[in-house]
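Enquirer: Next come a sequence and a model predicted from it.
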Amino acid sequence: MTHSFALHIPDAELEPEPLDPAQIVSGTPEVSGKVVWESADGKQIRGVWQITPGVVTDTEADELFVVISGSATVEVEGGPTLRVGPGDLAVLRAGDRTTWTVHETLRKAYAITL
């Protein structure tokens, strides 16, 4: 996308995204998302992401996100435990190994740097 834009995040239509079964610790979480902007070199990504309840693991990129709806507990291996819900801003660092316990379907807007 080359022009300025606005998006009402709660109503944004998202596409299913594959979740590696090896990342699922418990439950049957499903992930969906939408990239709304990406830099020409692919190193900056902005978008909306959603996950349904369950427990999953991940290795993070540099990311800033704001929770729009839902709630989760994000345990950072060797670091803090983040409890996030609507209106919360969080920062994850590249290489953080995390465990996400999603209590209510969580939707977030994010900015990632690769």
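Expert: Received the coordinates, thanks. Worth saying up front: this structure is predicted, and the values here are computed from it rather than measured.
Enquirer: give me the element the spatially most central residue of the chain is part of.
Expert: The geometric centre of the chain, computed from its C-alpha atoms, lies nearest to W49 (Cα atoms, centre = their mean), at 5.0 Å. W49 is part of strand 44-51 when elements are defined by DSSP states H and E.
Enquirer: now V67
Expert: Under DSSP H and E, the secondary-structure element containing V67 is strand 62-76.
Enquirer: Neighbouring strands of that strand in the sheet, and parallel or not?
Expert: For strand 62-76, the pairing partners within the sheet under DSSP bridges are strand 81-84 (antiparallel), strand 89-92 (antiparallel), strand 97-113 (antiparallel).
Enquirer: Mean neighbour count, these: which tops it?
Expert: Neighbour counts (mean count of other Cβ atoms under 10 Å) averaged over each of those peak at strand 97-113, with a mean of 18. All C-beta spots, glycine's among them, are computed from the backbone N, C-alpha and C.
Enquirer: and the angle for that one with strand 44-51?
Expert: Between the axes of strand 97-113 and strand 44-51, defined by axes from the mean of the first three to the mean of the last three Cα atoms, to 10 degrees, the angle is 140 degrees.
Enquirer: average pLDDT for strand 97-113?
Expert: Averaged across strand 97-113, the pLDDT comes to 98.
Enquirer: Cool, thanks, signing off.
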